[in-house]
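Participant: Mind folding the following:
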Amino acid sequence: MRVLLLALASLLALSACSSQQFLNATASGSGYTLSQNVVYDDTTGLKLDIYSPQNGGNNAPVVVFFFGGRWSEGDKEQFKFVGQALAARGFVAVIPNYRLYPRVRYPDFLNDCARAVVWTHSHVGSYGGSANRIVLMGHSSGAYNAAMLALDPEFLVQAGGNRNWVRGMIGLAGPYDFLPITDPDLRDLFGPPETFDRTQPVFHVDGNAPPLMLMHGGKDETIDIRNTNNLYDRVKRAGGMVEKTIYPDLTHSRILDVTAVRLQSYADVMNKIDSFVRRVTVGNAPTSMQPSSIQTYVPPK
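Facilitator: Below you'll find the predicted structure:
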């Protein structure tokens with residue numbers, strides 16, 4: 001046990017990029033079928049990867065995962081460990097690429113994500129998933145993308161879809177309320193300034209969104225935890241369904257790292273994801289979910 005704890009400590013001390021490379025290298029290649037580089041948008045040529053559990057049947061829950069990277073970097077192939085971890089729980093994992101800054105600006109990358117969800121709804125049955133059991137998930141700026149699609153129904157409508165297709169949204173360390181925007185690249189990305197308000201997920205809360213599960217690390221020095229707290233408060237006040245868990249010892253990148261199969265004993269992030277997905281995708285409505293709840297993770301002694 002001491003050796004394992006030392007190995008985990010060493011891994012969690014790595015940079016985000018290094019830890020992702022390690023987790024991908026050690027992720028199992030068995031237990032799922034990987035369909036790579038499937039084109040989901042002919043106009044842009046954007047592609048996605050699909051991780052289908054080999055024993056998942058033909059009606060498995062589906063998790064569409066949007067990676068983070070400040071909307072300017074990242075690639076679906078860097079998140080094999082996430083796809084494998086979700087498939088190991090019996091979920092079909094869909095990980096799309098989307099266009100990044102400075103190639104595009106707001107809201108183009110959100111339109112890409114919406115088209116990926118519409119494609120998933122139309123085609124995931126061929127990969128063992130259910131079109132009626134789709135959950136959105138994202139980390140960092142990817143959590144922003146997932147939140148915007150869940151909170152603002154217009155993105156999916158414009159892509160030819162419907163927000164009712166989404167049964168829930170999972171956000172890991174997301175930016176949901178980050179005004180004022182002062183960094184030059186972000187001002188260019190989200191401009192013009194007079195429309196900054198409409199870029200913020202907290203201003204799209206209407207109480208009618210699918211259930212949200214928000215998680216954040218207490219040692220996150222990249223995205224202020226107030227983003228999660230503020231979105232939680234807004235949804236709660238609007239009468240929506242939302243859960244929040246704070247992990248005091250996790251940093252910005254580690255809250256995603258610990259979803260990897262080899263690190264799941266470090267924190268219960270993947271267990272909570274598993275439970276949430278199953279609850280919100282059973283039946284016609286997520287009646288088993290509490291209207292609002294807050295938890296602080298206490299690691300086992």
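Participant: Not counting its neighbours along the chain, what's nearest Asp75?
Facilitator: Nearest-residue entry for Asp75: Asn97, 6.3 Å, with adjacent residues in sequence omitted and distances by C-beta to C-beta, 6 or more residues apart in numbering. Placement of C-beta: from N, CA and C, glycine included.
Participant: Might you report the residue contacts of that neighbour?
Facilitator: Residues near Asn97 by C-beta atoms under 8 Å, 6 or more residues apart in numbering: 46-48, 75-76.
Participant: How are the strands of the stretch 101-250 of the chain distributed by residue range?
Facilitator: Under the criterion DSSP state E, counting those that start in this stretch, the stretch 101-250 of the chain carries strands at the ranges 129-139, 166-172, 212-217, 242-247.
Participant: Can you tell me which of those is nearest to Val157?
Facilitator: Closest approach to Val157 among these is made by strand 166-172 (12.2 Å; C-beta to C-beta).
Participant: what pLDDT does the residue nearest to Asp75 get?
Facilitator: Looking at Asn97, its pLDDT is 98.
Participant: Likewise for the one 5 residues further on?
Facilitator: As predicted, Pro102 sits at a pLDDT of 97.
Participant: Distance check, it against Asp108.
Facilitator: The gap separating Pro102 from Asp108 is 11 Å, by C-beta to C-beta, to the nearest Å.
Participant: Between these two, tell me which one has more neighbours.
Facilitator: Neighbours were counted for Pro102 and for Asp108 using other C-beta atoms under 10 Å; Asp108 has more, 15 against 10.
Participant: For that one, which non-adjacent residue is spatially closest?
Facilitator: Of all residues beyond its chain neighbours, the one nearest Asp108 is Arg99 (6.0 Å), with distances taken as C-beta to C-beta, 6+ apart.
Participant: Where is the longest helix in this structure?
Facilitator: helix 108-123 (DSSP state H).
Participant: Contacts for it, please.
Facilitator: Contacts to helix 108-123, defined as C-beta under 8 Å, 6+ apart, come from residues 40-41, 44, 46, 48, 62, 64, 66, 71, 94, 96, 98-101, 104, 129, 131, 134, 136, 145-146, 148-149, 155-156, 158-161, 165-166.
Participant: Buried residues, that helix. List them.
Facilitator: For helix 108-123, burial by neighbour count (16 or more other C-beta atoms under 10 Å) applies to 109-121, 123.
Participant: okay, the angle between that helix and strand 129-139?
Facilitator: Between the axes of helix 108-123 and strand 129-139, defined by axes from the mean of the first three to the mean of the last three C-alpha atoms, to 10 degrees, the angle is 160 degrees.
Participant: count of neighbours near Ala209?
Facilitator: 24.
Participant: To clarify, my last question referred to Asp224.
Facilitator: Neighbours of Asp224 under the rule other C-beta under 10 Å: 14.
Participant: and it, how far is that from Ala88?
Facilitator: Separation of Asp224 from Ala88 (C-beta to C-beta): 32 Å.
Participant: related to what we said a few turns ago, show me which of the contacts of Asn97 are buried.
Facilitator: With neighbours counted by 16+ other C-beta under 10 Å, the contacts of Asn97 contain buried members at 46-48, 76.
Participant: between these, which is nearest Phe22?
Facilitator: Taking C-beta to C-beta as the measure, Phe22 lies nearest Lys76 of the buried ones among the contacts of Asn97, at 17.9 Å.
Participant: got a list of what the closest one touches?
Facilitator: Neighbour list for Lys76: 47-49, 67, 95-97 [criterion: C-beta under 8 Å, 6+ apart].
Participant: got the buried residues for stretch 276-286?
Facilitator: By neighbour count on 16+ other C-beta under 10 Å, the buried set for stretch 276-286 is 276-281, 286.
Participant: Can you flag which of these belong to helices?
Facilitator: Among the buried residues of stretch 276-286, DSSP H puts 276-280 in helices.
Participant: center of this protein, which residue is that?
Facilitator: Gly138 (1.6 Å; C-alpha atoms, centre = their mean).
Participant: Just put the contacts of Asn97 in JSON lines and tack on pLDDT.
Facilitator: Below are the contacts of Asn97 laid out as JSON lines (pLDDT from 0 to 100):
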{"residue": "Leu46", "pLDDT": "98"}
{"residue": "Lys47", "pLDDT": "98"}
{"residue": "Leu48", "pLDDT": "98"}
{"residue": "Asp75", "pLDDT": "98"}
{"residue": "Lys76", "pLDDT": "98"}
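Participant: Show me those that map onto helices.
Facilitator: Using DSSP H, none of the contacts of Asn97 sit in helices.
Participant: Pipe those into TSV and attach distance to Ala25 per row.
Facilitator: Formatted as TSV, those follow (distance: C-beta to C-beta, whole Å):
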residue	distance to Ala25
Leu46	26
Lys47	22
Leu48	22
Asp75	16
Lys76	16
